[in-house]
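[1] Take a look and give me a structure for this.
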Amino acid sequence: MPLTCPACMRILCPTSVEGTTVDVCQGGCGGIWFDAHEMQQINEPFAFSANALLNIQKMPGITLVQRGKRSCPRCKDLFLMRHYFSRKKKVEIDDCPGCGGIWLDAGELALIRDELPPVEDRKEEIRQRNIRLVYQYILKIRIESSERQETVQ
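    Next comes the predicted model:
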């Protein structure tokens, strides 16, 4: 079933970008709906390039639903919650407390991309995070193994 734009009530167009499909308000308000976890992909240095989503056709003078009263395209009975994207408090986004989807108004994706650190910095950050996760996993296995040995004895 097609999704309805929470900002201008037009039908959203599924748009595929390098294997990821997001829902775009093409010819309407120019906003983008990301289902849960799709938004994270634009933050990963190795994930798809969101450049194709930066220039969505927008109809000038379109009337928008007031923020705070926008319904989730997936969960019709829930309203989107507005909050800052990051600690920098430069971009406010809308997300659904039910399904975890995120709505970006026209231009917000470009502002978010401007907030991101350079790709090389993000690669190192991800590498460090992965090292921590592996270390935590190994530690968990050692603890569980030690507990099993104590139970057997």
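
[2] just how off-centre is the helix ranked longest in the chain within its chain?
    Secondary structure of the chain read by DSSP state H shows that its longest helix is helix 119-152. In this view, helix 119-152 has its centroid 26 Å away from the chain centroid, taken as Cα atoms, centre = their mean, to the nearest Å.

[3] And the average pLDDT for that helix is what?
    What helix 119-152 shows for mean pLDDT is 77.

[4] again with stretch 7-21
    For stretch 7-21, the mean confidence score works out to 89.

[5] list the buried ones in that stretch?
    For stretch 7-21, burial by neighbour count (16 or more other Cβ atoms under 10 Å) applies to 7-10, 12-13, 17, 20. Heads up, the C-betas are built off the backbone N, CA and C, glycines and all.

[6] Tell me the one among these nearest to Arg142.
    In terms of Cβ to Cβ, no member of the buried residues of stretch 7-21 lies closer to Arg142 than Thr20, at 37.1 Å.

[7] May I have the phi/psi pair for the residue nearest in space to the middle of the chain?
    Nearest to the mean C-alpha position of the chain, by Cα atoms, centre = their mean, lies Met39 at 2.0 Å. With angles defined as degrees, to the nearest 10, Met39 sits at phi -60, psi -40.

[8] doesn't Ile102 make contact with it?
    Yes: using Cβ atoms under 8 Å as the test, Met39 is close enough to Ile102 to be in contact (4.6 Å).

[9] returning to that earlier point: so what pLDDT did the residue nearest to the centre of the chain get?
    In this prediction, Met39 carries a pLDDT score of 81.
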